[in-house]
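K.L.:
here's a sequence, model it:
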Amino acid sequence: MRFAKGPQRVGKAFALAWVLFTSTSALAQTTIANTVAGNDPEYEVEPVTVGPFQVSPSVMARTMYDTNVLADPDGAELEDVEFLVRPELVARVGDQGLRLRIEGYGEFSRYADLTNENSDTYGVSGDVVSNPDENNQLHVRAGYARLKENRGDPEARNLVGLGPRLYDSIFANLDYRRTGGRTLFSVETSYSKIDATSPIDDDRDFTTYVGRATAGYRVSGPIFATVTGYVNVRDFRIGATPTGPDRDATTYGAQAGVDFIDSERLRGRARLGFFRFDPSDPTLDGRTGFSANVLVSYLPTRRTAIIVDVFNGDVATSRRGAQSRTDSRVTVTGQVEMRHNLYGRASLRYMRNKYIGSGIEERSIGGNLALEFLAGKGLSFIAEVQASDRQSDDPTQEFDRFRTSLSARLRF
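P.N.:
From the prediction side, this is the model:
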């Protein structure tokens, strides 16, 4: 599919400035509609007790046909079939007051013809949640992941023979929240280090430090009016060179909006404001821009959810000639429980990547349809279709892509 030049583009960015390892919980009965997921005893799998831990293993196997594996422009597409196996393990211990959760996964991908695209990725993370009382919560999360770059991501490699980029990610996050009768307060700090495994990609290695504080006041029922301040410090491994400036920078900003707490119909937050980008290199200009952070789920019924995810702000870039990059992205997703054993998901995604200093913009639009059938206790089958199209001021970065897959998931 083709779209006229304009602010149109999709896909999720490989947001290296804020990479957190996530995996589908082995406890969930469905992977595609967790917001409306039921808790049907017929499909519930009891965890295995190992010492003090409750352990939940699972494995997923997928076959996917991809019309454009390398996300190449028209006329250069290479199609192939990918076979993927992903084992996961979740271990839990604790009670409502103090809980520990450990997750680990491996993902092993093999292609029928393009064997250079084969990859092995994996990760482990741990979460500790403390609830000393009903008003206070402390959440600590840390982990490591070996990540694979999606060929359709902004700034992704699209060369034949080299395979996708691989990254090592180390991350840690501490989040404290207090919700009183009328007030809300939260503070969050995080650390993320991204290290490309290949020396030729050393210019993409960087460390990010983030601090964020939010204060809110209950204006009606579950609705809190909030104000948020944040700062993001980005430190690249390679500094200024004869051909490029120092890309270290500090971004800070403020947002105002609403948070929804303990609401049956509305969940999440919606915040709008501004950001200020201050580069370390004196030859680069700072700038101020519009900032958006929206993640809201609306449940008109228990079996139906509409999820809106909006972001606008500064992100890391390694594009030659670009001083910085601003991303705008919107995703609207619908989830539905059609029957007690049949779930559906549909989503539409848009993204614009604006490369400051180079004059290049890229726009993407795409969609996703998925069905998951719970065939029995611990066994489900998933069918999924994905389509995407990217337009760019640089014709070498344009592509169309269509993917369809069938998966089987087994929880033990």
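
K.L.:
going forward, measure contacts between C-alpha atoms and count neighbours the same way
P.N.:
Noted.

K.L.:
report the contact partners of the nearest residue to Asp72 once chain neighbours are set aside.
P.N.:
Among residues not flanking Asp72 along the chain, Phe399 sits closest, at 5.5 Å (Cα to Cα, 6 or more residues apart in numbering). The contact partners of Phe399, by Cα atoms under 8 Å, 6 or more residues apart in numbering, come to 71-74, 389-391.

K.L.:
what do you get if the cut-off is 7 Å, keeping everything else the same?
P.N.:
When contacts are counted by Cα atoms under 7 Å, 6 or more residues apart in numbering, Phe399 touches 71-74, 389-390.

K.L.:
only whichever of these are buried, select them in PyMOL.
P.N.:
Typed into PyMOL, the line below selects the buried ones among the contacts of Phe399, using 16 or more other Cα atoms under 10 Å:
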select buried, resi 71+72+73+389+390
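
K.L.:
dump the contacts of Phe399 to JSON lines, plus distance to Asp309, secondary structure and pLDDT.
P.N.:
Compiled in JSON lines, the contacts of Phe399 are given as follows (distance: Cα to Cα, whole Å; DSSP: H, G, I helix; E, B strand; the rest coil; pLDDT from 0 to 100):
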{"residue": "Ala71", "distance to Asp309": "24", "secondary structure": "coil", "pLDDT": "95"}
{"residue": "Asp72", "distance to Asp309": "28", "secondary structure": "coil", "pLDDT": "94"}
{"residue": "Pro73", "distance to Asp309": "28", "secondary structure": "coil", "pLDDT": "94"}
{"residue": "Asp74", "distance to Asp309": "30", "secondary structure": "coil", "pLDDT": "92"}
{"residue": "Asp389", "distance to Asp309": "20", "secondary structure": "strand", "pLDDT": "97"}
{"residue": "Arg390", "distance to Asp309": "20", "secondary structure": "strand", "pLDDT": "97"}
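
K.L.:
the stretch 251-400 of the chain: helices as residue ranges?
P.N.:
Taking DSSP state H, counting those that start in this stretch as the criterion, the stretch 251-400 of the chain contains no helices.

K.L.:
where exactly do the strands run in it?
P.N.:
266-279, 287-301, 304-315, 324-339, 342-356, 360-376, 379-392, 399-411 (DSSP state E, counting those that start in this stretch).

K.L.:
could you dump those strands to TSV with distance to Thr31?
P.N.:
Formatted as TSV, the strands of the stretch 251-400 of the chain follow (distance: least, Cα to Cα, whole Å):
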stretch	distance to Thr31
strand 266-279	19
strand 287-301	17
strand 304-315	15
strand 324-339	11
strand 342-356	9
strand 360-376	8
strand 379-392	9
strand 399-411	9
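
K.L.:
and Leu162, which of these is closest to it?
P.N.:
Proximity to Leu162, assessed across those by Cα to Cα, is greatest for strand 399-411 (19.1 Å).

K.L.:
partner strands of the closest one, parallel or antiparallel?
P.N.:
Strand 399-411 has the following strand partners under DSSP bridges: strand 53-66 (antiparallel), strand 379-392 (antiparallel).

K.L.:
ok now the first one, how far from the chain's centre?
P.N.:
So the one you mean is strand 53-66. Put simply, strand 53-66 sits 19 Å off its chain's centre (Cα atoms, centre = their mean, to the nearest Å).

K.L.:
and that strand, what's its mean pLDDT?
P.N.:
Averaging pLDDT along strand 53-66 yields 97.

K.L.:
what sits against the residue nearest to Thr183 when sequence neighbours are not counted?
P.N.:
In this structure, Thr183 finds its nearest non-sequential neighbour in Tyr217, 4.5 Å apart by Cα to Cα, 6+ apart. Shown in contact with Tyr217 (Cα under 7 Å, 6+ apart): 182-184, 224-226.

K.L.:
out of the residues you listed, which are buried?
P.N.:
Buried by 16+ other Cα under 10 Å: 184, 224-226, out of the contacts of Tyr217.

K.L.:
just to revisit the earlier point, could you say which of the strands paired with strand 399-411 is packed most deeply?
P.N.:
strand 379-392 (a mean of 21; mean count of other Cα atoms under 10 Å).

K.L.:
now the residue located most distally from the centre of the chain: how far from Glu155?
P.N.:
Of all residues in the chain, Pro242 has its C-alpha farthest from the mean position, at 34.6 Å, by Cα atoms, centre = their mean. From Pro242 across to Glu155, the span is 22 Å (Cα to Cα, to the nearest Å).

K.L.:
and the closest residue to Asn158 other than its chain neighbours, how close does it get to Ser364?
P.N.:
Leaving out its chain neighbours, the residue that sits closest to Asn158 by Cα to Cα, 6+ apart is Leu70, at 5.4 Å. Distance, Leu70 to Ser364, using Cα to Cα: 16 Å.
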